[in-house]
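Engineer: Provided below for reference: sequence and predicted model.
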There are 2 protein chains.
Amino acid sequence: MDLFKKNWFTESSDMWPGGTFSFEVKEVLHSEKSEFQDILVLDTTTFGRVLVLDGIVQCSQKDEFSYQEMISFLPLFCHKNPEKVLIVGGGDGGVAREVAKHPQVKQIVQVEIDAKVIDVSKKYLPFMAVGFESEKLKLHVGDGFEFMKNHSNEFDVIITDSSDPVGPAVNLFQENYFALMKSALRPGGIVCSQAGTIWNDLDMVTSTLKFCRNQFPAAAYAIASVPTYPSGQIGFVIGSLDKDIKFDTPQMKLSSEDEKKMNLRYYNSDIHKAAFVLPTFVKSHLA
Amino acid sequence: MDLFKKNWFTESSDMWPGGTFSFEVKEVLHSEKSEFQDILVLDTTTFGRVLVLDGIVQCSQKDEFSYQEMISFLPLFCHKNPEKVLIVGGGDGGVAREVAKHPQVKQIVQVEIDAKVIDVSKKYLPFMAVGFESEKLKLHVGDGFEFMKNHSNEFDVIITDSSDPVGPAVNLFQENYFALMKSALRPGGIVCSQAGTIWNDLDMVTSTLKFCRNQFPAAAYAIASVPTYPSGQIGFVIGSLDKDIKFDTPQMKLSSEDEKKMNLRYYNSDIHKAAFVLPTFVKSHLA
């Protein structure tokens, strides 16, 4: 399929056959093949800048905040005191930007496998890459899987901000990845992973949630609205070492003033609760 | 723009410039120009049958249930005893199908302006047009606006299942339409209208909600996930003559057994509550 047709870029994948989303492109800002993947940065007419890896849209300037805030604050506000956080992936810097805002977070360790994604984001996506400037952050280039083997009992929260389970991210959707994260957590620790949509990937959501449930005494799936992802929705699998956790009840209730201070555009304490409420067909499928 | 390219149909509109969704088409089942609009029915590879009016996707077989259930059951379960319901638009029959399931509903009156949409739906979209077979339903072909002028103080709930505010539906997004609905309601009555998305039409949502607030002592905006609509989301403006109504608290709590009996695939009592919880940027914009 010709991905550029009269200045339109079309995202197409076997993961969601029969339907495609296209962006009108003003300019291709960057295109390269790194050791791990094709990296493309577009400037679009109405979605701002868009990062594309191996042909799949990772984020657009218009709506990246909903994904970044939700994958960060759902697990962080489920935890009583998330002092030390590990981010696996997240090479654009958006998750680091959000995690650093949490008042209790003291240290952030991030492991991104592809240095080129970091470089490109710093150059073309500064609204996300600003996350790399936090004094709380220590950034490593390497394999998150390997990194965790040498870091057990160390983190309160682990956020896996990966691409979909094709290419370099495929290992991050397996049960042994959840086992490894479990060993890297301190007591009471929480994990949160990007885990596909209810409309296109319900079997993938189900298997990822099952892997998480096999390793963690408590696990759940939560959803958010992100228009530039296929079907306009994305979900997160969350697991906790605390079997009595109430995922839908944040440990801290944010005021409107807190929301402003943290520059929250999507997340709020009510959205936290609502994110765990699922349509009937999803509830039945995951039961 | 060439809408059919190598068997792909592309939905494109000035309402959401710079981004388009495309369906892979197996067969064009029907195409005609009625007195009011272009009517197109597609059979697609992964979304089933798709109804398109004036180039805009109205519903797909894959996900129509989320829209139909939410626009119907949000207002119906907000009402203590919704015995008589008016549907304006809804020519595919999907809303009638859902409204007829509500145990308290005794009479449904539907006014659809375009007889051709009804005919085409009966022929090609029987999974929705089954709604026309309900014994509770009386179907009129005509202008909902004109119809209500002659029917005051008659309905408990009015559902406006319209296309977007271009073409035949433009009058249904004006303040005098809300005034007219108010006069057609019995005391304690409730209205619910399709009202655009948070990502593409926030100004339209705001103005529609304002018109509703000007006419009704209580009004709110609620959201649902529908992947085949632009941005994968749709919203509803709901108004009530009861100033003390709690929109997010349904009058009847459905059990899992109720959900099964009513064949609910999206709506449930928790989703009802969650639908009124809005992302921070929407909350601020609508405040």
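Structural biologist: Received the coordinates, thanks.
Engineer: Apart from its neighbours in sequence, what residue is nearest the residue in the stretch 51-200 of chain A that chain B sits nearest to?
Structural biologist: Nearest residue of the stretch 51-200 of chain A to chain B, counting by CB to the nearest CB: A:Trp199, 4.6 Å away. No exception for glycine: its C-beta is placed from N, CA and C like everyone else's. For A:Trp199, ignoring the flanking residues on the chain, the nearest one in space by CB to CB, 6 or more residues apart in numbering or on different chains is A:Ser231 at 3.9 Å.
Engineer: How is the closest residue to A:Val117 other than its chain neighbours assigned, secondary-structure-wise?
Structural biologist: Using CB to CB, 6+ apart and skipping residues adjacent in sequence, the residue nearest A:Val117 is A:Gly91, 3.4 Å away. Following DSSP: H, G, I helix; E, B strand; the rest coil, we place A:Gly91 in the coil state.
Engineer: Next: the one 5 residues further on.
Structural biologist: In three-state terms, and counting by three-state DSSP, A:Ala96 is helix.
Engineer: pretty sure it contacts A:Glu112?
Structural biologist: No. A:Ala96 is not in contact with A:Glu112 according to CB atoms under 8 Å; the separation is 9.7 Å.
Engineer: Neighbour count for those two, which is higher?
Structural biologist: A:Ala96 (29 against 25; other CB atoms under 10 Å in any protein chain shown).
Engineer: related to what we said a few turns ago, so how many other residues sit close to the residue of the stretch 51-200 of chain A closest to chain B?
Structural biologist: 23.
Engineer: check contacts around A:Phe173.
Structural biologist: Contacts for A:Phe173 (CB atoms under 8 Å, 6 or more residues apart in numbering or on different chains) come out as A:Ser162, A:Pro165, A:Ser193, A:Ala195, A:Met204, A:Ser207, A:Thr208, A:Phe211.
Engineer: Would you list the phi and psi of it?
Structural biologist: phi -120, psi 20 (degrees, to the nearest 10).
Engineer: The one 3 residues further on now?
Structural biologist: With angles defined as degrees, to the nearest 10, A:Asn176 sits at phi -70, psi -20.
Engineer: Quick check: neighbours shared by A:Ala96 and A:Glu112?
Structural biologist: With CB under 8 Å, 6+ apart as the test, A:Ala96 and A:Glu112 both reach A:Gly90, A:Leu139.
Engineer: ok, so what distance separates the residue nearest to A:Val117 from A:Trp16?
Structural biologist: From A:Gly91 across to A:Trp16, the span is 23 Å (CB to CB, to the nearest Å).
Engineer: which of those two has more neighbours?
Structural biologist: For A:Gly91 and A:Trp16, the more surrounded residue by other CB under 10 Å is A:Gly91, and the numbers stand at 33 against 20.
Engineer: Surely the more buried one is in contact with A:Leu125?
Structural biologist: No. In this structure, A:Gly91 is not within contact of A:Leu125 by CB under 8 Å, at 10.0 Å.
Engineer: and the residue of the stretch 51-200 of chain A closest to chain B, helix, strand or coil?
Structural biologist: coil.
Engineer: still on that earlier bit, by pLDDT, rank the contacts of A:Phe173 and give me the bottom one.
Structural biologist: Lowest pLDDT of the contacts of A:Phe173: A:Pro165, 76.
Engineer: what sits against that one?
Structural biologist: A:Leu172, A:Phe173, A:Met204.
Engineer: Contact residues of the stretch 151-287 of chain A facing chain B?
Structural biologist: Listed as neighbours of chain B in the stretch 151-287 of chain A under the rule CB under 8 Å from any CB of the partner chain: A:198-200, A:223, A:225, A:227-233, A:259, A:264-268, A:270-271, A:273-274, A:277-281, A:283.
Engineer: Which ones among the residues you listed map onto helices?
Structural biologist: Within those, residues falling in helices by DSSP state H are A:Glu259, A:Asp270, A:Ile271, A:Lys273, A:Ala274, A:Thr280, A:Phe281, A:Lys283.
Engineer: how close does the third one get to A:Ser12?
Structural biologist: When CB to CB is the yardstick, A:Ile271 and A:Ser12 sit 31 Å from each other.
Engineer: what does the fourth one give?
Structural biologist: Using CB to CB, one gets 36 Å for the distance from A:Lys273 to A:Ser12.
Engineer: number of nearby residues for the spatially closest residue to A:Val88 that is not a sequence neighbour?
Structural biologist: Excluding its sequence neighbours, the residue lying closest to A:Val88 (CB to CB, 6+ apart) is A:Gly144, at 3.5 Å. By other CB under 10 Å, 26 other residues sit near A:Gly144.
Engineer: could you list every residue that touches A:Gly144?
Structural biologist: A:Val88, A:Gly89, A:Val111, A:Ile113, A:Thr160, A:Leu172.
Engineer: A:Val95 now?
Structural biologist: Here A:Val95 is in contact with A:Gln68, A:Ile71, A:Ser72, A:Ile87, A:Gly131, A:Ile159, A:Asp161 (CB under 8 Å, 6+ apart).
Engineer: 6 Å instead?
Structural biologist: Residues in contact with A:Val95 (CB atoms under 6 Å, 6 or more residues apart in numbering or on different chains) are A:Gln68, A:Ser72, A:Ile87, A:Ile159, A:Asp161.
Engineer: what secondary structure does the second one sit in?
Structural biologist: The reference is to A:Ser72. Per three-state DSSP, A:Ser72 ends up helix.
Engineer: Tell me how far the nearest residue to it once chain neighbours are set aside lies from A:Leu137.
Structural biologist: What sits nearest to A:Ser72 in space, not counting adjacent residues and going by CB to CB, 6+ apart, is A:Glu98, at 3.8 Å. Remark: distance between A:Glu98 and A:Leu137 (CB to CB) = 12 Å.
Engineer: Need the single longest strand in chain A, by residues.
Structural biologist: strand A:19-33 (DSSP state E).
Engineer: Buried residues, that strand. List them.
Structural biologist: A:Gly19, A:Thr20, A:Phe21, A:Ser22, A:Phe23, A:Glu24, A:Val25, A:Leu29, A:His30 (16 or more other CB atoms under 10 Å in any protein chain shown).
Engineer: what inclination does the helix or strand hosting A:Gln58 have with respect to strand A:19-33?
Structural biologist: A:Gln58 belongs to strand A:56-60 when assigned by DSSP states H and E. Angle, strand A:56-60 to strand A:19-33, by axes from the mean of the first three to the mean of the last three CA atoms, to 10 degrees: 90 degrees.
Engineer: Show me the strands paired with strand A:56-60, marking each as parallel or antiparallel.
Structural biologist: Paired neighbours of strand A:56-60 in the sheet (DSSP bridges): strand A:49-53 (antiparallel).
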